[in-house]
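Participant: Generate coordinates for the sequence data below:
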Amino acid sequence: MQYEFLKQFPKRMKNVGLYALLFSNSVQKTTWRQYGFDSMDEQMNVIFAVMLYLMEQSLKEESCMMDDIGAYIDSLNTSSFQKPVSYDDCRRLGDFIVNVILSNEGRPMYFEGYDFEKRGYQRMNISYVANRIVYLDTEVKRTSYYLTDDGYNLLLGTLEIESNMKLTIHEMIFKMHLEKQSYDKAADEVKNVFNLLRMQLQKIQEAMHRIRRNALNYSVSDYQSILEENMDTIRDTRKQFLEYRDMVKTRARELEEEHINVHKLDAEEEEKLGSLRIIEGYLNRAIDEHQKILNSHLDLKALYTKELEELSQMSLIRRFSLRTELFDKILENPDGLTRMEGFFRPLFVQGPDKIYNLNKAFELQRPVRKKAEEDRQEQIDFDEEQWQREQEILRQKKLEKYRGCLGFLLKRLLEQGEFSLAQCWEEIGQEPEALRQLIPNVEIFKEVMVELIKSKEIDIPALKKERSEFIQEASGGFQLNEMLLSLLEDMEAAGGRQVQEICTYRIDDGTAVEFSGVYDEKENPKTIRCSNLLFRAKKS
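Facilitator: Numbering: from 1, shown residues only. You can find the predicted model right below:
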């Protein structure tokens, strides 16, 4: 090729097409005038503001329905655009932007880029938004929208960073802020790093979904591209994150050891300590996300190989027309009847001969005839929605048991300020109701104690700040920090004093606490022994 800089030209034009089709879909519509957005500048600002909201909801893996989009546009209009439109108009505007402009009313969108190596135009599909069905309260079916890979590339391209450099650049900025001890800025950058890892994982999952639908629609170049991106992400990320986490732990420990009582730190040092804890939390989540990407990378390779092998096996199947390949041939030459076994032999290929397994002769033989007859007579009526509702009820009951156990400990902690497990057992050992609340079952009690020991010192204001300022993942199970904040807020609303820190220490004096008269999940009586723990609360 004469001009080397024209290589990968279709890929460049794909990025151009992302903007071209978006502008083309918007400027041709007169609907904008109904809502007071006349100029192209205003229209583009609204479109990109909506796409950023979709990206934020997609990154948090939260549902994004048309009512949410309408409320978001209404809040922007009230605070910024100030157009004379109502909430219903904002909802209709959101439906127009998502389903007409971004989705082209459900019709596929294409952009052609010239391939100078093949000397022809290459047709490239462009899709900004996709949707899926979600269920609210396990009964109401709604449509939730999220960004596709093209949507992500369009928005992230506005930051003028190449896709293969985003993670490296944000990691370099994070390291620079960490070395300069600008921990608040480092906390923002580590959140960006975590979001990029989450996006890479979602991209792998979307590729696996496309391969399952039809492996032939997923090209080898796309497969090679995502593998290279995965390897760039996996190569040195885990080792570097572990080093960063060790560095953050060391600096946080130095601050804590310098001032044993945290309340003696000045405001700036307290803020640094809080930022260090936030950074450590996001580094832990980034390491977990790195492991998920590694596992998904291997799953993607195995899935693509399996699908291609199955497709290649299908190509080996040879099909015949009985009319043309058999009947007509026999009519032309009846002597072929003597060689019919050559045609039909593959239809009667027998399976491999069975062998006698001596081990089966010594296994316990169970009657299977009666069970088989019962299975034939049984009519199964499975209601998926009813099953999901039952599972949700069971989950809520289990969470109430977690909440009761943790609430019992917090109530005593606020009353006494400090107590040990041994003291607690001495006081409630003869009170079945109190013991049942503390230990609803052995498994729940064990999990709560393990989480408290792992957390050791829980800074309540730092947790509240992180919950209000950073992305929080919705959890369907027991999460110590979430439940702890919920219980403390309920107690504060009832007139209780605010708690600054909750500490849990193991008392290393060789003693153990023995709880008798407790039960496991199957209501079997148990006696458990656990280390003696000391609980301490620091109030404001």
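
Participant: Low-confidence bits of the stretch 1-150 of the chain, can you list those?
Facilitator: Residue ranges of the stretch 1-150 of the chain with pLDDT under 70: 1-5, 137-139.

Participant: okay, now the residue nearest to Leu59 when sequence neighbours are not counted: neighbour count?
Facilitator: In space, and not counting its chain neighbours, Leu59 is closest to Asn195: 5.4 Å by Cβ to Cβ, 6 or more residues apart in numbering. In short, each C-beta sits where N, CA and C put it, glycine included. By other Cβ atoms under 10 Å, 20 other residues sit near Asn195.

Participant: Now do the one helix or strand Asn195 maps to, average pLDDT.
Facilitator: Using DSSP states H and E, Asn195 sits in helix 183-213. Average pLDDT, helix 183-213: 81.

Participant: mind listing what's buried in it?
Facilitator: Neighbour counts over helix 183-213 (16 or more other Cβ atoms under 10 Å) mark 183, 186-204, 207-208, 211 as buried.

Participant: just stretch 449-465 next, same as before
Facilitator: Met449, Glu451, Leu452, Ile458, Asp459, Ile460, Ala462, Leu463.

Participant: Figure out the length between the terminal residues of it.
Facilitator: Stretch 449-465 has an end-to-end distance of 25 Å (criterion: Cα to Cα, to the nearest Å).

Participant: contacts for stretch 525-540?
Facilitator: 263, 409, 412-414, 417-422, 442, 445-446, 449, 452-453, 497-507, 509, 511-520 (Cβ atoms under 8 Å, 6 or more residues apart in numbering).

Participant: Alpha carbons of that stretch, as PDB, please.
Facilitator: Taking C-alpha atoms only, stretch 525-540 is exported to PDB below (Å, rounded to 0.1, in the frame of the first residue of the first chain):
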ATOM      1  CA  PRO A 525     -29.700 -27.900  68.700                       C
ATOM      2  CA  LYS A 526     -26.000 -27.000  68.800                       C
ATOM      3  CA  THR A 527     -23.400 -25.900  71.300                       C
ATOM      4  CA  ILE A 528     -20.700 -23.500  69.900                       C
ATOM      5  CA  ARG A 529     -17.400 -22.200  71.200                       C
ATOM      6  CA  CYS A 530     -15.900 -19.000  70.000                       C
ATOM      7  CA  SER A 531     -13.200 -16.600  71.000                       C
ATOM      8  CA  ASN A 532     -14.000 -13.900  73.500                       C
ATOM      9  CA  LEU A 533     -14.500 -10.500  71.700                       C
ATOM     10  CA  LEU A 534     -14.500  -7.000  73.000                       C
ATOM     11  CA  PHE A 535     -17.000  -4.500  71.500                       C
ATOM     12  CA  ARG A 536     -16.400  -0.700  72.000                       C
ATOM     13  CA  ALA A 537     -18.300   2.300  70.700                       C
ATOM     14  CA  LYS A 538     -17.000   5.900  70.500                       C
ATOM     15  CA  LYS A 539     -19.900   8.400  70.700                       C
ATOM     16  CA  SER A 540     -20.000  12.100  69.800                       C
END
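
Participant: Tell me how far that stretch lies from the chain's centre.
Facilitator: In terms of Cα atoms, centre = their mean, to the nearest Å, the centre of stretch 525-540 is found 33 Å from the chain centre.

Participant: by contact count, what packs against the helix or strand that comes right after the helix holding Asn195?
Facilitator: As assigned by DSSP H and E, the chain's next helix or strand after helix 183-213 is helix 220-234. Contact here means 3 or more Cβ pairs under 8 Å, 6 or more residues apart in numbering; DSSP states H and E; on that basis helix 220-234 packs against helix 183-213, helix 267-315.

Participant: Glu112 touches Gly120, doesn't it?
Facilitator: No. Glu112 is beyond contact range of Gly120, at 9.5 Å (criterion: Cβ atoms under 8 Å).
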